[in-house]
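Engineer: below is the structure, and that's it, no one-letter string:
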């Protein structure tokens, strides 16, 4: 298990008590990202009903991804606060804990979060017909990440699972400060950092911070346009 103090390099350690705040930051940061649009089939968030269901799906995915990090079972989350409110967050998974989810983990999370919104009767009215298959297909990202890191001989690494900054605070260098704090921790442990991103704009940003693109992955399921 991974234990942490209240702060790392001046950033707050975010715990389970802040789960809803973490979700709010990530929902705001990623509402227009390609993966949520792809899974749900919803691009127009000007429609309040569509926005509601898109956020419902995103919250389900993000909570599923980050619950064990917030419990400090497989990593830690660091955050930036302003006036007592979380405005930026990063969730990190330690290499020793980075793995595909086993049956018991899936069962435990299934009991906690219930069925995906794609499987509800109302959800099926609002999501793309292939939403369930698209959601399941995202597991391939994890499998490929593990293969890439093994092929490149990186047995010690920090997986930057998610990093997001509220739109009202973007452009202020918060994301860069979070990443540089992670770089310091990685350097102290002789580890590398790894992340995935979905847009060319973000790719350029990460390259500017020292990342290298090792592979581009096409995500699609049979029947996609």
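Structural biologist: Arrived safely, thanks for sending. For clarity, every value in this text was computed on a predicted model and none was experimentally measured. Numbering: from 1, shown residues only.
Engineer: alpha carbons only for contacts and neighbour counts from here, please
Structural biologist: Noted.
Engineer: in the biggest helix by length in the chain, what's buried?
Structural biologist: Ranked by residue count under DSSP state H, the longest helix found in the chain is helix 48-70. Buried residues in helix 48-70, counted by 16 or more other CA atoms under 10 Å: 50, 53-64, 66-70.
Engineer: again with stretch 18-25
Structural biologist: Per 16+ other CA under 10 Å, stretch 18-25 contains these buried residues: 19, 21, 22, 23, 24, 25.
Engineer: centre of the chain to that stretch, how far?
Structural biologist: From the chain centre to the centre of stretch 18-25 is a distance of 12 Å (CA atoms, centre = their mean, to the nearest Å).
Engineer: same check on stretch 172-180?
Structural biologist: That offset, for stretch 172-180, works out to 16 Å (CA atoms, centre = their mean).
Engineer: in that stretch, which residues are buried?
Structural biologist: Neighbour-count burial for stretch 172-180 flags 174, 175, 178, 179 (criterion: 16+ other CA under 10 Å).
Engineer: which one of the residues you listed is nearest residue 215?
Structural biologist: Among the buried residues of stretch 172-180, residue 179 lies closest to residue 215 (CA to CA), at 20.7 Å.
Engineer: pick out the residue nearest the middle of this protein.
Structural biologist: residue 162 (3.3 Å; CA atoms, centre = their mean).
Engineer: what is the orientation angle of the helix or strand that contains that one with helix 48-70?
Structural biologist: Assigned by DSSP states H and E, residue 162 belongs to strand 157-165. Orientation of strand 157-165 against helix 48-70 (axes from the mean of the first three to the mean of the last three CA atoms, to 10 degrees) gives an angle of 140 degrees.
Engineer: what is strand 157-165 packed up against?
Structural biologist: Helices and strands touching strand 157-165, as assessed by 3 or more CA pairs under 8 Å, 6 or more residues apart in numbering; DSSP states H and E, comprise helix 19-30, strand 85-94, helix 174-188, strand 192-195.
Engineer: ok now that strand, how far from the chain's centre?
Structural biologist: Here strand 157-165 is found 7 Å from its chain centre; the criterion is CA atoms, centre = their mean.
Engineer: which residues pair with residue 160 across the strands?
Structural biologist: residue 92, residue 195 (DSSP bridges).
Engineer: let me see the backbone angles for residue 224.
Structural biologist: phi -60, psi 150 (degrees, to the nearest 10).
Engineer: quick one: contacts for it?
Structural biologist: residue 130 (CA atoms under 8 Å, 6 or more residues apart in numbering).
Engineer: how about a cut-off of 10 Å?
Structural biologist: Residues in contact with residue 224 (CA atoms under 10 Å, 6 or more residues apart in numbering) are 38, 130, 134.
Engineer: residues near the first one, how many?
Structural biologist: The reference is to residue 38. Counted with other CA atoms under 10 Å, residues neighbouring residue 38 total 18.
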